[in-house]
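Asker: give me coordinates for this.
(one chain, ligands or ions: 1)
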Amino acid sequence: MEKFIASSAFEKATIKRLSAAVQVKTESYDDLGKIGEDKRWDVQYDFNKYLKKTFPRIFSQLRIEYVNTHGLFITWNGTEPELKPTLLMAHMDTVPVPPETIDQWTHPPWSGYYDGKFVWGRGSSDCKNQLLAVLESVDLLLENGFVPKRTVLMSFGFDEERGGPQGAGHLAPFIFERYGKDALAVIVDEGGGFADNWGASMCMPGVAEKGHIDVEIVIRMPGGHSSIPLPHTAIGVMSELIVLIEDNPYEPHLVDKNPYLGALYCGADHAPDFPDKLRKILEKSRGHETCNAANDELAQEAAKMSPFVRYLMQTSQAADIIGGGVKVNAMPERVSAFVNHRINIGSTSESVKTKVTSLAQQIAEKHNLTLHAFDDAKEERNSIFLKAGYNELEPAPLTPTNVDELTAYAVLSGTVRALYGEDVIVAPGLMTGNTDTRYYWDLTRHIFRFAPGWDGEQGGLANGVHTVDEHVSVKAHINGVKWFSLFIRNMDEATLD
Ligand SMILES: [Zn+2]
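Answerer: Sure thing, here's the model as predicted:
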């Protein structure tokens with residue numbers, strides 16, 4: 001089987017599969033209506049048709065179930081049902097391609113064009129590649145007569161790019177109903193991968209996710225003719241509040257359980273170009289894992305490396321939407337804005353609410369307005385309202401990353417090093433966004449957001465995900481197939497509780 005995966009026959013076939021998968025449009029829109037009513041969901045029927053045609057062995061030999069019409073759940077029963085199953089995930093939808101950007105693509109977004117190295121198009125890298133890698137590896141194992149002891153489950157959502165309420169939001173409770181709490185050995189979903197850090201190749205599967213809260217601010221003030229204006233209209237007051245929020249950003253703060261601390265330790269121990277100054281500060285905090293002062297000094301220093309690193313240790317805030325005013329000679333009666341927050345590990349949505357409330361209180365007092373902070377009050381004049389968006393989410397529970405005993409993390413990292421060599425440093429990674437796994441927290445503590453395909457060259461991120469020119473390296477994809485086929489077998493051999 002491994003010889004076949006490395007052959008040009010497999011390469012040719014997998015390029016064809018990837019390319020065809022990209023050609024079936026499965027765009028997810030934020031404003032989708034009900035399944036069955038809104039015709040835009042029906043693209044999922046086409047994609048399912050493609051999967052059935054491409055993987056007849058899986059569709060005829062394994063148990064196939066559809067959850068909430070389009071959610072695809074596949075069961076490959078193991079011979080030892082008392083072992084906890086392995087669950088592999090991916091999503092079938094993609095973000096849309098805005099029509100005005102189509103001419104900016106090097107190769108058209110739905111072409112699945114292969115240029116000799118990459119397959120191009122929307123979904124090629126987020127994450128039809130991962131979906132195919134899972135199915136291809138299972139198909140190859142089936143073809144070669146592998147019989148798992150540990151049940152292998154596959155769960156594929158179809159609206160991850162709009163938060164996953166219809167797909168993962170139904171699949172997870174369905175699986176919970178059948179298997180129960182903490183009943184799975186491991187979950188692998190899309191996520192982090194490989195990057196060059198400090199002169200070393202590092203692999204950083206996501207073992208944690210930041211939380212999320214969108215705070216809506218609404219200011220209601222009297223309208224009236226602009227020729228006899230108030231000194232500050234609701235737009236002016238909103239501006240003042242937004243500026244105050246931006247002038248008071250969160251500080252980097254690295255709690256002991258933040259996986260990035262583990263990544264820093266790994267880097268200090270194994271990466272040749274790890275910065276000396278950072279190493280010195282790190283040594284101070286090492287062994288004093290509860291010494292938060294040392295950790296904060298460490299976070300301040302590490303945050304200087306890049307905004308990307310900073311926001312692994314800091315709650316982010318960004319004012320992203322504003323609206324208000326309808327006419328140029330009338331003062332606005334209602335102005336609203338949204339501030340998006342990604343909540344740091346160790347913090348809570350409550351602490352975000354407290355902070356925004358205290359800032360809004362200052363502005364409310366200054367302008368003699370009443371503040372209604374997260375109290376669901378009905379909107380009325382001369383008031384500032386703070387509301388939490390519908391998708392409020394606390395930081396995810398942490399996946400255990402100890403390797404001194406056999407954990408799922410140990411199996412995952414061992415599989416990475418078996419495939420890519422022992423020079424690759426596997427370290428815990430942190431996701432600043434959320435995947436479909438947000439619905440799966442009760443099913444296992446061992447959740448990994450991980451893209452295992454790597455071509456040894458490019459990092460995981462600079463491949464056009466969510467923008468123009470999305471593409472995937474075929475070599476990386478084939479390595480992804482190898483990785484899943486190894487991981488399934490390694491999980492089968494691993495004695496885990
Ligand atoms: Zn994705």
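Asker: could you use CA atoms for every contact and neighbour count after this?
Answerer: OK.
Asker: what about the helices in the stretch 101-250 of the chain?
Answerer: Assigned by DSSP state H, counting those that start in this stretch, the stretch 101-250 of the chain shows helices spanning 128-143, 168-179, 234-246.
Asker: grab the nearest non-local neighbour of G193.
Answerer: Closest residue to G193 apart from its sequence neighbours, by C-alpha to C-alpha, 6 or more residues apart in numbering: A451 at 5.1 Å.
Asker: list the contacts for V411?
Answerer: For V411, the contacting residues are 487, 490-491, 494, by C-alpha atoms under 8 Å, 6 or more residues apart in numbering.
Asker: then L369?
Answerer: Neighbouring residues of L369 by C-alpha under 8 Å, 6+ apart: 382-384.
Asker: repeat the analysis, applying 6 Å as the threshold.
Answerer: L369 sits next to 382-383 when contact means C-alpha atoms under 6 Å, 6 or more residues apart in numbering.
Asker: try T495
Answerer: The contact partners of T495, by C-alpha under 6 Å, 6+ apart, come to none.
Asker: in a strand, it, correct?
Answerer: No: applying DSSP: H, G, I helix; E, B strand; the rest coil, one finds T495 to be coil, outside a strand.
Asker: I'd like the distance between it and N402.
Answerer: Using C-alpha to C-alpha, to the nearest Å, one gets 15 Å for the distance from T495 to N402.
Asker: D139 too?
Answerer: Distance, D139 to N402, using C-alpha to C-alpha: 32 Å.
Asker: buried set for the lowest-mean-pLDDT helix or strand in the chain?
Answerer: Using mean pLDDT, DSSP states H and E, helix 292-303 stands out as the lowest-scoring helix or strand of the chain, at a mean of 82. Buried residues in helix 292-303, counted by 16 or more other C-alpha atoms under 10 Å: 294-303.
Asker: that one: what's the following helix or strand?
Answerer: Proceeding N to C from helix 292-303, the next assigned helix or strand is helix 307-310, under DSSP states H and E.
Asker: now do that following helix: everything it contacts.
Answerer: A303.
Asker: one more: stretch 472-480?
Answerer: For stretch 472-480, contacts defined as C-alpha under 6 Å, 6+ apart pick out 117-119, 124-125, 133, 452-455.
Asker: restricted to strands, list these.
Answerer: 118-119 (DSSP state E).
Asker: identify the bridge partners of F338.
Answerer: E216, I321 (DSSP bridges).
Asker: ok, S316 touching N344?
Answerer: No: contact between S316 and N344 fails when scored by C-alpha atoms under 6 Å: they sit 7.8 Å apart.
Asker: of these two, who's got more company?
Answerer: Comparing S316 with N344 by other C-alpha atoms under 10 Å, the one with more neighbours is N344, at 27 against 21.
Asker: contacts only, for that one.
Answerer: Contact analysis of N344 by C-alpha under 6 Å, 6+ apart lists 210, 314-315.
Asker: out of those, who's nearest S413?
Answerer: K210 (22.1 Å; C-alpha to C-alpha).
Asker: just give the nearest non-adjacent residue to that closest one, would you?
Answerer: Spatial nearest neighbour of K210, excluding adjacent residues (C-alpha to C-alpha, 6+ apart): P395 at 4.5 Å.
Asker: all strands for the stretch 251-400 of the chain, in order.
Answerer: Ranges of strands within the stretch 251-400 of the chain are 316-324, 334-343, 370-373, 383-388, based on DSSP state E, counting those that start in this stretch.
Asker: as TSV, those with distance to F55 would be great.
Answerer: Shown next, in TSV, are the strands of the stretch 251-400 of the chain (distance: least, C-alpha to C-alpha, whole Å):
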stretch	distance to F55
strand 316-324	42
strand 334-343	39
strand 370-373	53
strand 383-388	44
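Asker: are any of the contacts of stretch 472-480 buried, and which?
Answerer: 118-119, 124-125, 133, 452-455.
Asker: and which of the residues you listed is nearest A195?
Answerer: Relative to A195, and with distances defined as C-alpha to C-alpha, the nearest of these is W454, at 9.5 Å.
Asker: for that closest one, which non-adjacent residue is spatially closest?
Answerer: A476 (4.2 Å).
Asker: you'd agree the one you found is in a strand?
Answerer: No: assigned with three-state DSSP, A476 falls outside any strand and is helix.
Asker: roughly how far does it sit from F55?
Answerer: For A476, the distance to F55 (C-alpha to C-alpha) stands at 21 Å.
Asker: do L87 as well
Answerer: L87 sits 19 Å away from F55, going by C-alpha to C-alpha.
Asker: check N68 too.
Answerer: Distance, N68 to F55, by C-alpha to C-alpha: 22 Å.
Asker: and if you look at A6?
Answerer: Distance, A6 to F55, by C-alpha to C-alpha: 20 Å.
Asker: now S351
Answerer: Taken as C-alpha to C-alpha, the span from S351 to F55 is 48 Å.
Asker: likewise for H107?
Answerer: From H107 across to F55, the span is 27 Å (C-alpha to C-alpha).
Asker: higher neighbour count, the two?
Answerer: Taking other C-alpha under 10 Å, H107 and F55 do not tie; H107 has more neighbours (20 against 16).
Asker: and that one, its phi and psi?
Answerer: With angles defined as degrees, to the nearest 10, H107 sits at phi -130, psi 140.
Asker: most packed of the helices of the stretch 101-250 of the chain?
Answerer: Using mean count of other C-alpha atoms under 10 Å, the stretch among these with the largest mean neighbour count is helix 128-143, at a mean of 22.
Asker: tell me what that helix is packed against?
Answerer: Under the contact criterion of 3 or more C-alpha pairs under 6 Å, 6 or more residues apart in numbering; DSSP states H and E, helix 128-143 touches helix 474-493.
Asker: now the helix it packs on: mean pLDDT?
Answerer: Per-residue pLDDT values over helix 474-493 give a mean of 97.
Asker: what angle sits between it and helix 128-143?
Answerer: Put simply, helix 474-493 runs at 50 degrees to helix 128-143, going by axes from the mean of the first three to the mean of the last three C-alpha atoms, to 10 degrees.
Asker: how about helix 474-493: buried residues?
Answerer: By neighbour count on 16+ other C-alpha under 10 Å, the buried set for helix 474-493 is 474-492.
Asker: any chance of TSV for the buried ones among the contacts of stretch 472-480, columns pLDDT?
Answerer: Listed next are those as TSV, based on pLDDT from 0 to 100:
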residue	pLDDT
F118	95
V119	96
S124	96
S125	94
A133	98
P452	97
G453	95
W454	94
D455	92
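Asker: let me know the closest of those residues to V424.
Answerer: Of all those, V424 sits closest to W454, with 11.4 Å by C-alpha to C-alpha.
Asker: can you measure across stretch 299-309, start residue to end residue?
Answerer: Start-to-end span of stretch 299-309 (C-alpha to C-alpha) is 9 Å.
Asker: ignore the last one, stretch 397-410
Answerer: 18 Å.
Asker: and what of stretch 317-336?
Answerer: Length of stretch 317-336, first residue to last, C-alpha to C-alpha: 16 Å.
Asker: what does stretch 338-354 give?
Answerer: End-to-end distance for stretch 338-354: 16 Å, by C-alpha to C-alpha.
Asker: and for stretch 25-35?
Answerer: Terminal residues of stretch 25-35 lie 17 Å apart, using C-alpha to C-alpha.
Asker: what about that stretch, average pLDDT?
Answerer: Rounded mean pLDDT across stretch 25-35 is 95.
Asker: could I get the buried residue list for that stretch?
Answerer: In stretch 25-35, counting by 16+ other C-alpha under 10 Å, buried: 25-29.
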